[in-house]
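Undergrad: Build me a structure from this.
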Amino acid sequence: MIAGLLTPLVAGNYTFPPELKGELLQVIPDYATEVSPGRFNLKDITGKAAYAEALLNSIRVRTKASRFLMRRHSWDAFMVVFTELDRIQHSSGLHGRLLSVQPRAGSIFGITCFEKL
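TA: Below you'll find the model as predicted:
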């Protein structure tokens, strides 16, 4: 199991069994449990673009991690939760459209993330 939503960014142990973290990071060193919007200035177009790229990267990395774990272990059930679309929706409400001051650009970014998923 890999914790995700609301896992502190500095969490030492976010997997069970604990050794799964090392196995995961060896294959996917840039794996992160969460992309925190607090690390980005969402009032600024540059910050919004950086956050958007971080969300797209999170989708890529989480997909890679999921595929790795699906192949590596035997499963009775396997579930993956992608939180990126939720983050886009919340960010859009807090600071205007995520990607741009133009509503259409923010909508297009949401569609892009949805297509990646």
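
Undergrad: Now G4. Nearest residue, chain neighbours left out?
TA: T33 (5.2 Å; C-beta to C-beta, 6 or more residues apart in numbering). Quick note: C-beta positions are derived from backbone N, CA and C, even for glycine.

Undergrad: ok, that neighbour - how many residues close by?
TA: 19 (other C-beta atoms under 10 Å).

Undergrad: my read: it touches G12, true?
TA: No - here T33 lies out of contact with G12, judged by C-beta atoms under 8 Å, at a distance of 11.6 Å.

Undergrad: Need the three-state assignment for the residue nearest to G4.
TA: Classification of T33 using DSSP: H, G, I helix; E, B strand; the rest coil returns coil.

Undergrad: List phi and psi for it.
TA: Backbone dihedrals for T33, given as degrees, to the nearest 10, come out at phi -80, psi -20.

Undergrad: Ok, I2 next?
TA: phi -120, psi 120.

Undergrad: how close does the residue nearest to it when sequence neighbours are not counted get to K21?
TA: Nearest residue to I2 in three dimensions, chain neighbours excluded: T15, at 5.2 Å (C-beta to C-beta, 6+ apart). The spacing between T15 and K21, counted by C-beta to C-beta, to the nearest Å, is 4 Å.
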